[in-house]
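**Q** please work out how this folds:
(one chain, ligands or ions: 1)
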Amino acid sequence: MAGKPKLYYFDGRGKMESIRWLLAAAGVEFEEEFLETREQYEKLLQGGSLLFQQVPMVEIDGMKMVQTRAILSYIAAKYNLYGKDLKERALIDMYVGGTDDLMGFILIFPFLSAEDKEKQHAVIVQKATSRYFPAYEKVLKDHGQDFLVGNSFSWADIHLLEAILMVEEKKSDVLLGFPQLQVPYTNNTLMAGNVINDISKSVVCR
Ligand SMILES: N[C@@H](CCC(=O)N[C@@H](CS)C(=O)NCC(=O)O)C(=O)O
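**A** The predicted structure is shown next:
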């Protein structure tokens with residue numbers, strides 16, 4: 001039997017966080033090595049483990065995978081969270097792409113000055129409430145199902161839930177105008193996956 005996947009990254013959310021969420025939601029236990037010293041990073045580099053000299057890197061099923069998107073797609077497909085056919089997969093890719101774009105506005109936050117943080121705060125809430133959340137709200141309302149794609153729990157739901165919680169950290173009542181995204185959507189999503197614990201790290205890497 002294959003061992004647990006091993007994640008190599010900093011002790012922060014950054015690009016690894018969605019991988020942690022996806023594994024946790026799939027009910028997969030994993031190990032982590034946090035890169036805290038230059039030597040750890042150099043060792044991975046010298047060992048040829050980082051194809052593009054970058055992390056995230058995940059050891060899984062005998063592979064040393066890099067590139068966040070490739071890692072996520074592999075995990076989603078492996079654990080049946082990637083739709084039942086090409087069209088569902090395309091929809092999941094579209095929805096994940098949207099949440100990625102929204103998360104992009106948040107990931108730069110820690111690198112901004114106090115003044116720019118205030119501006120970015122407004123941008124995040126504005127983008128979430130005028131572009132991204134209305135899109136997911138409409139999808140759920142139009143098909144009337146509990147999950148975004150194919151009436152079953154998928155990577156798209158997990159990624160959206162992660163994005164919702166990120167935006168709620170900036171504005172806790174941000175879902176007020178989005179009844180479809182509130183309970184039961186968020187509850188169903190959490191219940192369909194294993195409730196996600198211990199992935200709230202605070203440092204963010206761009
Ligand atoms: N496209 C890559 C980008 C990875 C990336 O930018 N990683 C950063 C850390 S968050 C890194 O390793 N930076 C070191 C470098 O680029 O030399 C992915 O999505 O995995």
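**Q** only C-alpha atoms for contact and neighbour calcs from this point on.
**A** Fine.
**Q** quick check: residues of this structure near the ligand?
**A** With Cα under 6 Å from any ligand atom as the criterion, the chain meets the ligand at residues Gly14, Lys15, Gln53, Gln54, Val55, Pro56, Val66, Gln67, Thr68, Cys205, Arg206.
**Q** which strands and helices lie in contact with the lowest-mean-pLDDT helix or strand in the chain?
**A** Within the chain, no helix or strand scores below helix 185-192, which has a mean of 83 by mean pLDDT, DSSP states H and E. For helix 185-192, the packing partners by 3 or more Cα pairs under 8 Å, 6 or more residues apart in numbering; DSSP states H and E come out as helix 155-170.
**Q** run the chain-centre distance for the helix it packs on.
**A** 7 Å (Cα atoms, centre = their mean, to the nearest Å).
**Q** and it, what does it pack onto?
**A** Packing partners of helix 155-170 (3+ Cα pairs under 8 Å, 6+ apart): helix 17-25, helix 86-107, helix 114-127, helix 185-192.
**Q** just to revisit the earlier point, just among the residues of the chain next to the ligand, which is most surrounded?
**A** Most neighbours among the residues of the chain next to the ligand, by other Cα atoms under 10 Å: Val55, with 22 neighbours.
**Q** shouldn't Ala25 be in contact with Ala156?
**A** No - look at Ala25 against Ala156 with Cα atoms under 8 Å: they stay out of range, at 11.7 Å.
**Q** which residues touch Tyr9?
**A** With contact taken as Cα atoms under 8 Å, 6 or more residues apart in numbering, Tyr9 is in contact with Met16, Glu32, Glu33, Phe34, Leu35, Val55, Pro56, Met57.
**Q** and it, how close does it get to Thr68?
**A** Distance from Tyr9 to Thr68, counting by Cα to Cα, to the nearest Å: 11 Å.
**Q** what do those two both touch?
**A** With Cα under 8 Å, 6+ apart as the test, Tyr9 and Thr68 both reach Met16, Pro56.
**Q** could you check the helix or strand harbouring Lys43 and say which residues are buried?
**A** Under the criterion of DSSP states H and E, Lys43 resides in helix 38-46. Under the neighbour-count criterion of 16 or more other Cα atoms under 10 Å, helix 38-46 has Tyr41, Leu44 buried.
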